[in-house]
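1. Predicted model and sequence follow; I will ask about them next.
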Amino acid sequence: MKRRRKPLAKNQNQSVGSALAAALGLTLLVYLLPLGLILPQAKGASLGEEAAVSAVQTVMEAEAASTSQPAPEPEAKEQPKQEPPNEPTKKQKKTDQKQEKTAITLRCLLDGEVQELELEDYLWGVVAAEMPAAFHQEALCAQAVAARTYTVYRMANPTPNHPEADICGDPGCCQAWISREERLNDWTKSERKACEKKINKAIRKTAGQALYYDDTPIMAAFHAASAGSTKSAQEVWGEEYPYLQEVPSPEDDASVPNYYSTVTLSKEAFSSIFLDAYPKAVLDGDGSSWFGKVKYDKAGLPVSLSVGGVTVDTGQMRTLYELRSASFSVECEGDNVTFYVTGYGHGVGMSQYGANALAKQGKKFQEILQWYYPGTELKQVK
């Protein structure tokens, strides 16, 4: 007798399914219970199954994203556009140029009274007084630097001649000077504008520049015209300056008015002037015997000579007899004594006519200054 095989009961299958479902549900409950505490709930409703699954998926996706992708870069802020700087106006440029001036104020003894002037303004009057505006522009620039340098030097080394002022307008003591108004009136109407423009350019082009030796402003001596060569300061003044030595100078009688000049006096007038200064001299008898040995420098220019048995520097003779230069020869013929003079000035430092000749040859003002003041440096005034 066949035993009847019992099929699985439907209820039994359902029980297994229910058990599996219960196990899954319990698992979900374990994982979802904490989420129920922290995830926001819809108003008036509990977190249902679909919402729970969706929340789980969202959390899992977020965790995956956070572990597999880098954090996004913060969005760059747009930088404001840089506006181009405004171009300076003509008025601003003029103001800037004024501020760039060398801010040095001088006490100047001019026309018998002490005036306060800025260095660059004062120099206009010096260049206008010391050098003809008809000269080459580079020569005028060289003159501006020489005058500025001498002024700064004089401020650092005051003269006892005028303790109340830094500098004066007497060329025999310091430098010549003329007011702008007076100089403009001296020029003819047709040349006035061009001459003023050249001096303005000389001051502006060299603004604040001076010559230095061993970081000290030099004693920038200058004179009108040499007799073929400048003289050393040692031979003229008895004081050594390494930058004031004999150098050749190219001016000549074709370029310098009164390059050669003569001064004639009677024997009596000559003797009277000389004996007042040198009473030990013997000036009697034949005048041709009054003058003895002459000493010359390296350039062949006279440095001193014997007069009546007394040795005198040619510079002293120039002063006594108001000669244009210390480069001269002298002779006595009959009742007269005659000086034959070459050039104009003491002969030390820059020759102004020589500077003009060099400028016409194409040399710049810097080269001219190095020619006459060897070993110096061009720097801004400190």
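-> Alright, I've got the coordinates.
2. need the contact list for the nearest residue to residue 354 once chain neighbours are set aside.
-> Spatially, and ignoring its direct neighbours in sequence, residue 354 is nearest to residue 249 (3.7 Å; Cβ to Cβ, 6 or more residues apart in numbering). (Glycine included, C-beta is placed from N, CA and C.) By Cβ atoms under 8 Å, 6 or more residues apart in numbering, residue 249 lies in contact with 225-226, 228-230, 351, 354, 357, 372.
3. Narrow those to those in strands?
-> Secondary structure defined by DSSP state E assigns residue 351 of the contacts of residue 249 to strands.
4. Just give me the closest of the contacts of residue 249 to residue 152.
-> Distance ranking of those against residue 152, using Cβ to Cβ, places residue 372 first at 17.5 Å.
5. For residue 115, which residues are in contact?
-> 107-108.
6. 6 Å - rerun?
-> residue 108 (Cβ atoms under 6 Å, 6 or more residues apart in numbering).
7. Pretty sure it sits in a strand.
-> Yes - under DSSP: H, G, I helix; E, B strand; the rest coil, residue 115 falls within a strand.
8. Tell me how far it lies from residue 109.
-> Taking Cβ to Cβ, to the nearest Å as the criterion, residue 115 is separated from residue 109 by 8 Å.
9. which stretches of the chain have low pLDDT?
-> Residue ranges of the chain with pLDDT under 70: 1-102.
10. For the stretch 201-350 of the chain, just list every one of the helices.
-> 233-237, 267-277, 314-321 (DSSP state H, counting those that start in this stretch).
11. Please identify the most buried of those helices.
-> helix 233-237 (a mean of 20; mean count of other Cβ atoms under 10 Å).
12. what is the spatially closest residue to residue 218 that is not a sequence neighbour paired to in the beta sheet?
-> In this structure, residue 218 finds its nearest non-sequential neighbour in residue 211, 4.9 Å apart by Cβ to Cβ, 6+ apart. Beta bridges link residue 211 to residue 378, judged by DSSP bridges.
13. Make 19 the starting number, not 1.
-> Sure, I'll start numbering at 19, so the last one becomes residue 229.
14. Isn't residue 229 up against residue 237?
-> No - judged on Cβ atoms under 6 Å, residue 229 makes no contact with residue 237 at a distance of 9.7 Å.
15. The two: who's more crowded?
-> residue 229 (26 against 21; other Cβ atoms under 10 Å).
16. How much space separates residue 214 from residue 137?
-> 19 Å.
17. Neighbour count: the two, which is higher?
-> Counted by other Cβ under 10 Å, residue 214 and residue 137 do not tie: residue 137 has more neighbours, with 22 against 17.
18. So for that one, what's the nearest residue that isn't a sequence neighbour?
-> residue 122 (4.1 Å).
19. what's the one you found sitting at in phi/psi?
-> phi -120, psi 130 (degrees, to the nearest 10).
20. Tell me, how many residues neighbour it?
-> Around residue 122 there are 17 residues (other Cβ under 10 Å).
21. do the same with residue 324
-> Counted with other Cβ under 10 Å, the neighbours of residue 324 add up to 15.
22. same thing with residue 199?
-> So residue 199, with other Cβ under 10 Å, has 8 neighbours.
23. Residue 214: what secondary structure?
-> On the basis of three-state DSSP, residue 214 is classed as helix.
24. That one and residue 142: what is the separation?
-> 9 Å.
25. looking at it, residue 374 is touching residue 159, isn't it?
-> No - using Cβ under 6 Å, residue 374 is not in contact with residue 159, being 11.5 Å away.
26. what's the first-to-last distance across stretch 229-236?
-> 6 Å (Cα to Cα, to the nearest Å).
27. In that stretch, which of the residues would be classed as buried?
-> With burial defined by 16 or more other Cβ atoms under 10 Å, the residues of stretch 229-236 counted as buried are 229-231, 235-236.
28. residues of stretch 166-176 that come out buried?
-> 166-172.
29. Can you flag which of the residues you listed belong to helices?
-> Among the buried residues of stretch 166-176, DSSP state H puts 166-172 in helices.
30. would a markdown table of the residues you listed with distance to residue 299 be doable?
-> Listed next are these as a markdown table, based on distance: Cβ to Cβ, whole Å:
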| residue | distance to residue 299 |
| --- | --- |
| 166 | 43 |
| 167 | 39 |
| 168 | 35 |
| 169 | 39 |
| 170 | 41 |
| 171 | 36 |
| 172 | 35 |
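31. Can you tell me which of these is closest to residue 400?
-> residue 170 (8.6 Å).
32. now that closest one: how far from residue 142?
-> In terms of Cβ to Cβ, residue 170 sits 16 Å off from residue 142.
33. tally of neighbours for the spatially closest residue to residue 316 that is not a sequence neighbour?
-> With sequence-adjacent residues excluded and distances taken as Cβ to Cβ, 6+ apart, residue 316 is closest to residue 264, at 5.4 Å. If you count neighbours by other Cβ under 10 Å, residue 264 ends up with 19.
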